[in-house]
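Visitor: Next comes the sequence, and after it the predicted model I'd like to discuss.
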Amino acid sequence: MKSVQIGGLVSFTTIDYPGKLAAVLFLVGCPLRCAYCSNPHLLTPHDGEYDPERVFDWLKSRVGKLEAVVFSGGEALMQGECAIGYIRRVRDLGFKIGLHTNGFYPETLRRASDLIDWIGLDFKATREKYPDLTGQHIAYDNMMKSLDIWRETGKDFEVRITCDPRFITKSDLIEIANILHERNVQNIAIQKYIPHFEDEEHKTDAAAREQFFCDCEMRTKINSMFASVAWRE
Ligand code: SF4
């Protein structure tokens, strides 16, 4: 079998898996082309910079020191069975497994769901705006299927909304919050869009980026709908 392609690695983080010391592996490849992507070097499948067996040996040396390994990307599930096989090996070392996902591969998520303990799922925009933002017409529907599949597992998760003012308004944010509330989602994170430092092409106004975070009335309303809302500025 082809080996998993790893394009990046964070050896220690306290913020990528809730309450756990974790490493993050960035798998190569993504089916989306989000306008704000800060990992363009990870989008096109290629032989990753990291030898998966060396990474695995290193993870063995971290048993007892780290608690979790988070698979990110790109979109880790784009590598299908290769990703699942590697996740299984890492899990067998005793780590909790996290996944940061755009939800584009619901059936792969279903197949991997026994191996994964927690996911952070991107909810990027309203259904109408998804194609403009991601370049994919089916991305929204796939993401919603992934959300429903994960909810059925009963495992913990967080839904993340990045507020890029080019693709999301305050009323969109309320609409998304309502959709998540109706589905009994408990934990969401509302993230400020921070332009990539090299992104001269896609300028946004600082006040437009800030608008989601300084509207106290809207924040209170959204806070009242969920068990936990992280406002990440
Ligand atoms: S889903 Fe993530 S990695 Fe893929 S294009 Fe969008 S921002 Fe980039």
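Guide: Received it, and whenever you're ready, just let me know what you need. Numbering: from 1, shown residues only.

Visitor: The one helix or strand Glu158 maps to packs against which elements?
Guide: Glu158 belongs to strand 156-163 when assigned by DSSP states H and E. With contacts taken as 3 or more Cβ pairs under 8 Å, 6 or more residues apart in numbering; DSSP states H and E, strand 156-163 sits against strand 118-122, helix 139-153, helix 170-182, strand 187-192. (Each C-beta comes from the backbone N, C-alpha and C, glycine too.)

Visitor: run the last query once more with 10 Å
Guide: Using 3 or more Cβ pairs under 10 Å, 6 or more residues apart in numbering; DSSP states H and E, the elements in contact with strand 156-163 are strand 96-101, strand 118-122, helix 139-153, helix 170-182, strand 187-192, helix 206-210, strand 228-232.

Visitor: any chance of the ones you listed in JSON lines, plus mean pLDDT?
Guide: Putting these into JSON lines (pLDDT from 0 to 100) gives the following:
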{"stretch": "strand 96-101", "mean pLDDT": "98"}
{"stretch": "strand 118-122", "mean pLDDT": "98"}
{"stretch": "helix 139-153", "mean pLDDT": "98"}
{"stretch": "helix 170-182", "mean pLDDT": "98"}
{"stretch": "strand 187-192", "mean pLDDT": "97"}
{"stretch": "helix 206-210", "mean pLDDT": "90"}
{"stretch": "strand 228-232", "mean pLDDT": "97"}
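
Visitor: quick one: average confidence on whichever strand or helix holds Phe12?
Guide: Assessed by DSSP H and E, Phe12 sits inside strand 6-13. Average pLDDT, strand 6-13: 96.

Visitor: Thr204 touches Tyr36, doesn't it?
Guide: Yes - using Cβ atoms under 10 Å, Thr204 is in contact with Tyr36, at 9.1 Å.

Visitor: so what sits against both of these two?
Guide: By the contact definition Cβ atoms under 10 Å, 6 or more residues apart in numbering, Thr204 and Tyr36 are jointly contacted by 164, 166, 193-195.

Visitor: Neighbours of the residue lying closest to His41 once chain neighbours are set aside, how many?
Guide: Leaving aside its sequence neighbours, His41 sits nearest to Gly7 (Cβ to Cβ, 6 or more residues apart in numbering; 6.9 Å). Gly7: 22 surrounding residues under other Cβ atoms under 10 Å.
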